[in-house]
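Student: build me a model:
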Amino acid sequence: MEEVIYALASPPPPAPLVLLRLDGDGAAGHIEALLASKALSGPPRTPRTVDLIWQLDAPPAPVVVIKWKRGASWTGNEGVELLLPGSTPIVDGIFGRLEQAGARLAQPGEFTRRAFINGRIDLSRAESVAALIKAEDRASLAAARRVMEGELAQGIGSAADSLLDVIAIIEAGLDFSEQEVESPGTEGARKLLQPILIDLDNLLSRRQWTADSDGIPRVLLWGRANAGKSSLFNALLGKDRAIASAVAGTTTDAVGGTLHEGERQIELLDLPGQRSTHEELGTLALERAAQLLEGDDPVLWVIDATCDPAEIEQEKHQISVQFGSRVQPVLTQIDLISPGEPNIFPEAPRVSSMTGEGIDALRGKLFRWTSITPGRERSDAIRFTRRQWQLVNDCRDRLGRAIEEAEGGPELLVADLREALTRLEEVTGKSTPEDVLDRIFSRFCLGK
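Tutor: Here you go, the predicted structure:
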């Protein structure tokens, strides 16, 4: 039995009108006890005008009431919504009388949490309620609404179902090998898993990045092979995360790291360098980089300062054509050029990963840049929260490693795939720990 909770679902008084929401078993009875005359009869979901006694020695207040039967409301519980005058004494009086009747003020996000617990929405849609409230423009609003309307849940659900099917096929080969149930084998498993990996990459590429969102902003390091991206990546992080080498094409997949400035963070991704390759691994790496670059993340374009000026001019033109305003060029390896050489790209920061020159200034510039650059919105963008993004990205990485290490045997492969599946189930709330739920819903405002 759900206890009755109440909260304003609109800005507090003073206001012309406010919306009061009640939820729980007996919610209609709590309001009927405050009516001046007629009972709260009539069909559900039908607005009715009644007089509500907010104080015993005061005239009743005119109120529009809508009641919801159990199973028909947004939370799935019995519910009542009241549109009443936004007078502070009237609202305080009604709150006091509801509390005397045994109702209590709702906790932040409690209405949405009840909808999630009752199976009315999955966790990704529940989190989108907060994102919808915080949307700062139409594009952000549309991206949050896509999550609330179930696009993220559908993408996650489809990938999870496909992954579970592959797990079942592999486990059947293990459990019923004596009954001639054939295992797909290493290459067969890879072929089954590759489409799931592509679907997750496509889903991740739809992430909307905005400066005021709950998600951590992400910056992509991009440029020609051997332009000094990995050395710059390590210098910005202050530690060696990427392999830096004079040999072009050392980075064969995106390498991630996090910059910190107080409580603020930036996710850095060192992408494989732009180059021509005929190797399958290199081609896949460049395709993955291209998918990331098609999103809306800011791009730090790394340019080798020792290159021929004509080549730098060519890259400069390519920058404006391909990325527009979401790119920040940076010249690297300035320790290798003569001090008297002309600076043909004055708007680009100049750094040396070897000597550290310009690194701190660039790091500060990145934090300032990501705080004011909203990024380019895709027409199909999805407003991921930081938690959702990390879980889906972790699933993608685990799935990628499972495909690479499939030769280890079906038992290990199944274990890796189940770990990946768990990450997807945490996005929708199917296997989310209680303390994580507490943290998610505590960020909501009252009445939601």
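Student: neighbours of the closest residue in space to residue 3 that isn't next to it in sequence, how many?
Tutor: Taking Cβ to Cβ, 6 or more residues apart in numbering as the measure, residue 3 lies nearest to residue 24, with 5.3 Å between them; neighbours along the chain are not counted. Every residue, glycine included, has its C-beta placed from N, CA and C. A count of nearby residues for residue 24, using other Cβ atoms under 10 Å, gives 23.
Student: for residue 24, give me its contacts.
Tutor: For residue 24, the contacting residues are 2, 3, 4, 5, 77, 78, 79, 103, by Cβ atoms under 8 Å, 6 or more residues apart in numbering.
Student: type out the PyMOL command that picks the buried ones from those residues.
Tutor: Here is the PyMOL command that selects the buried residues among the contacts of residue 24 (16 or more other Cβ atoms under 10 Å):
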select buried, resi 2+4+5+77+78+79+103
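Student: just the ones in helices from the contacts of residue 24, please.
Tutor: Nothing among these maps onto helices, per DSSP state H.
Student: and which of the contacts of residue 24 is nearest residue 50?
Tutor: residue 79 (16.3 Å; Cβ to Cβ).
Student: the closest one and residue 46, how far apart?
Tutor: According to Cβ to Cβ, to the nearest Å, residue 79 stands 14 Å off from residue 46.
Student: and residue 331, by the same measure?
Tutor: The separation that residue 331 has from residue 46, given Cβ to Cβ, amounts to 68 Å.
Student: next: residue 234.
Tutor: 66 Å.
Student: so between these two, which is more surrounded?
Tutor: Each of residue 234 and residue 46 has its neighbours counted (other Cβ under 10 Å); residue 234 has more, 19 against 9.
Student: tell me if the more buried one really is in a helix.
Tutor: Yes. Counting by DSSP: H, G, I helix; E, B strand; the rest coil, residue 234 falls inside a helix.
Student: just the pLDDT at it, thanks.
Tutor: Per-residue confidence (pLDDT) for residue 234: 91.
Student: try the one 3 residues further on
Tutor: Reading off the confidence values, residue 237 has pLDDT 89.
Student: the chain should start at 562 in everything you say after this.
Tutor: Shifting the count to begin at 562 puts that one at residue 798.
Student: thinking again about what came up before, tell me which of the contacts of residue 585 fall in strands.
Tutor: Applying DSSP state E to the contacts of residue 585, the entries found in strands are 566, 640.
Student: residue 788: which of the contacts of residue 585 is nearest?
Tutor: residue 566 (57.7 Å).
Student: quickly note the distance from the closest one to residue 651.
Tutor: 20 Å.
Student: with residue 645 instead?
Tutor: On the measure of Cβ to Cβ, residue 645 and residue 651 end up 7 Å apart.
Student: joint contacts of those two?
Tutor: By Cβ under 8 Å, 6+ apart, the residues touching both residue 645 and residue 651 are residue 622.
Student: for residue 751, state which of the contacts of residue 585 is nearest.
Tutor: residue 638 (47.1 Å).
Student: thought residue 584 was touching the closest one, still the case?
Tutor: Yes. At 5.2 Å, residue 638 and residue 584 qualify as touching, with contact defined as Cβ atoms under 8 Å.
Student: overlap in contacts, the two.
Tutor: 563, 675.
Student: what about the strands in the stretch 662-811 of the chain?
Tutor: 665-666, 779-784 (DSSP state E, counting those that start in this stretch).
Student: could you give the number of residues near the residue lying closest to residue 594 once chain neighbours are set aside?
Tutor: Leaving aside its sequence neighbours, residue 594 sits nearest to residue 662 (Cβ to Cβ, 6+ apart; 6.1 Å). If you count neighbours by other Cβ under 10 Å, residue 662 ends up with 14.
Student: hang on, isn't residue 662 packed against residue 588?
Tutor: No. Using Cβ under 8 Å, residue 662 is not in contact with residue 588, being 10.6 Å away.
Student: low pLDDT regions in the stretch 712-861 of the chain?
Tutor: By pLDDT under 70, the low-scoring segments of the stretch 712-861 of the chain are 734-744, 768-776, 801-814, 834-847, 855-857.
Student: contacting residues for residue 820?
Tutor: For residue 820, the contact set (Cβ under 8 Å, 6+ apart) comprises 797, 798, 826, 827, 828, 829, 924, 927, 928.
Student: what about the first one, how many residues nearby?
Tutor: Counted by other Cβ under 10 Å, the residues lying close to residue 797 total 24.
Student: for the nearest residue to it once chain neighbours are set aside, give me the pLDDT.
Tutor: Excluding the flanking residues, the one nearest residue 797 by Cβ to Cβ, 6+ apart is residue 924, at 5.7 Å. Residue 924 carries a pLDDT value of 90.
Student: residues near residue 924, how many?
Tutor: Neighbours of residue 924 (other Cβ under 10 Å): 18.
Student: that's a helix at it, yeah?
Tutor: Yes. Counting by three-state DSSP, residue 924 is located in a helix.
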